[in-house]
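Peer 1: have a look at this prediction, sequence included:
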Amino acid sequence: MGNCGVAPLLEALRSPNSRGDAWVEFLESYSPVLYQTARACTSNDDAAADCYLHICERLSRNGCRRLLKFKPEGSASFTTWLRVVARNVCFDWHRSQCGRPRPFKSLENLSPLEIEVYNSRFLHCTSQQETLHRLESRFPGIGVSELAEIEERLQGSLTSRQQWILGTRRQPQFSAPVAVADQEDEPGSVDVVDPRPSQETQIADQEQQARLWRNLASLPTQERLLLQLRFEQELSLDEIAGLCGLQDAQRVHRTLTAVLKKLRKAMK
C-alpha cells in the first residue's frame, strides 16, 4: 500500500464511525512491519510479542493520533515512516521494562524469594536441585521442603488460564546430570532420584509446544492479536473490544471462544 493508497485508510481512522474497521484493516496490512520492528529491537520471541502489543496499544491511543501525523505528500513512504515510529515506541518499551520481573498481575506482590522460585521453576522449568543451587547465595538455608511449599502456594495462585499461558511461555533449561559416585567407589554414598522429567517426557512436551506455536502462527492476524491481548496482556473483554474495534465484550468473548475451539481441534 503506497502513500496514495494509505490516504483513504488515514481518513477512515480520523472518523469515529469508521475508525474500528480502519484499525482492523491497518493491523491486517501492517502487523508484519510492526512485528519485524519489534523482533529486531528485542532478544527473543516472547519479548518481541510483548513489544509488538505495546506498539499496537500506543498507536491506537487517542484516536490513532500518532498514525494521523503522517503526511502522504511527504518524501518518505508510509512503511518507512511507520518503522521509525515503531522503533521509537520500542525504545520506550525497553525503558519501561528494564530490570523489572514480569509475573502475572495477580502475583505482583510476591517476595524476592518467591519471584526467584517463580522464574526458575515456572518460567524456565529448572529442576529443584538446580533451583536450590541458584538460591543458595541469596537465600542461604532454604531447603527442599520450603521450596516445595513455595511452589505449592504459587501453583494454587495460578488460574487455569495462567497455567495455559505458562505452557506457551516456558523456556526449558536442561543442565547436565550431576554425577553420583557409585557405592563401590565411595562407600556410604546414596543415589538421588533426578527430579527432572524423563527424556521422553521432555521430547513430548517440546513437540507439543512446537505444534501449538505452529497452530498459533497459522491463525489470521486479528485472531492472534485477540489471543495475545487476552492471555498475554490480560486485558478485559471491554478493553479488547475498544482496542480492536469490535462491537462489545460479548462479541470479543464469542470470537475468542471460536478461536480456542479451532486451536483445540488442531491440537487433537
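Peer 2: Now that the structure is in, tell me what you want to look at.
Peer 1: by mean pLDDT, flag the weakest helix or strand of this structure.
Peer 2: Among the helical and strand segments of the chain, the one scoring lowest on mean pLDDT, DSSP states H and E is helix 160-169, with a mean of 65.
Peer 1: residue ranges in the stretch 101-250 of the chain under the pLDDT threshold?
Peer 2: 101-106, 108, 160-161, 164-206, 232-234, 243 (pLDDT under 70).
Peer 1: okay, helices next: where are they in it?
Peer 2: Taking DSSP state H, counting those that start in this stretch, the helices of the stretch 101-250 of the chain run over residues 112-117, 128-135, 144-157, 160-169, 199-217, 221-227, 237-244, 249-267.
Peer 1: now the third one: buried residues?
Peer 2: For helix 144-157, the neighbour count (16 or more other Cβ atoms under 10 Å) marks L147, I150, E151, L154 as buried. No exception for glycine: its C-beta is placed from N, CA and C like everyone else's.
Peer 1: which neighbouring elements make contact with that helix?
Peer 2: Judged by 3 or more Cβ pairs under 8 Å, 6 or more residues apart in numbering; DSSP states H and E, the packing partners of helix 144-157 are helix 112-117, helix 128-135.
Peer 1: tell me the helices and strands packed up against the last one.
Peer 2: By that I understand helix 128-135. Applying 3+ Cβ pairs under 8 Å, 6+ apart, one finds that helix 128-135 contacts helix 112-117, helix 144-157.
Peer 1: distance to T80 for the ones you listed - can I get that in TSV?
Peer 2: Shown next, in TSV, are those (distance: least, Cβ to Cβ, whole Å):
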stretch	distance to T80
helix 112-117	41
helix 144-157	46
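Peer 1: what about these, which gets the closest to R211?
Peer 2: With Cβ to Cβ, the closest approach to R211 among these belongs to helix 144-157: 24.8 Å.
Peer 1: just the C-alphas of the closest one, formatted as PDB.
Peer 2: Output of helix 144-157 as PDB, limited to C-alpha atoms (Å, rounded to 0.1, in the frame of the first residue of the first chain):
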ATOM      1  CA  VAL A 144      13.700 -28.800  49.600                       C
ATOM      2  CA  SER A 145      10.700 -28.700  51.900                       C
ATOM      3  CA  GLU A 146      10.500 -24.800  51.900                       C
ATOM      4  CA  LEU A 147      10.900 -24.700  48.200                       C
ATOM      5  CA  ALA A 148       8.100 -27.300  47.700                       C
ATOM      6  CA  GLU A 149       5.800 -25.200  50.000                       C
ATOM      7  CA  ILE A 150       6.500 -22.100  47.900                       C
ATOM      8  CA  GLU A 151       5.800 -24.000  44.700                       C
ATOM      9  CA  GLU A 152       2.600 -25.300  46.000                       C
ATOM     10  CA  ARG A 153       1.500 -21.800  47.100                       C
ATOM     11  CA  LEU A 154       2.400 -20.300  43.800                       C
ATOM     12  CA  GLN A 155       0.600 -23.200  41.900                       C
ATOM     13  CA  GLY A 156      -2.500 -22.600  43.900                       C
ATOM     14  CA  SER A 157      -2.400 -18.900  43.000                       C
END
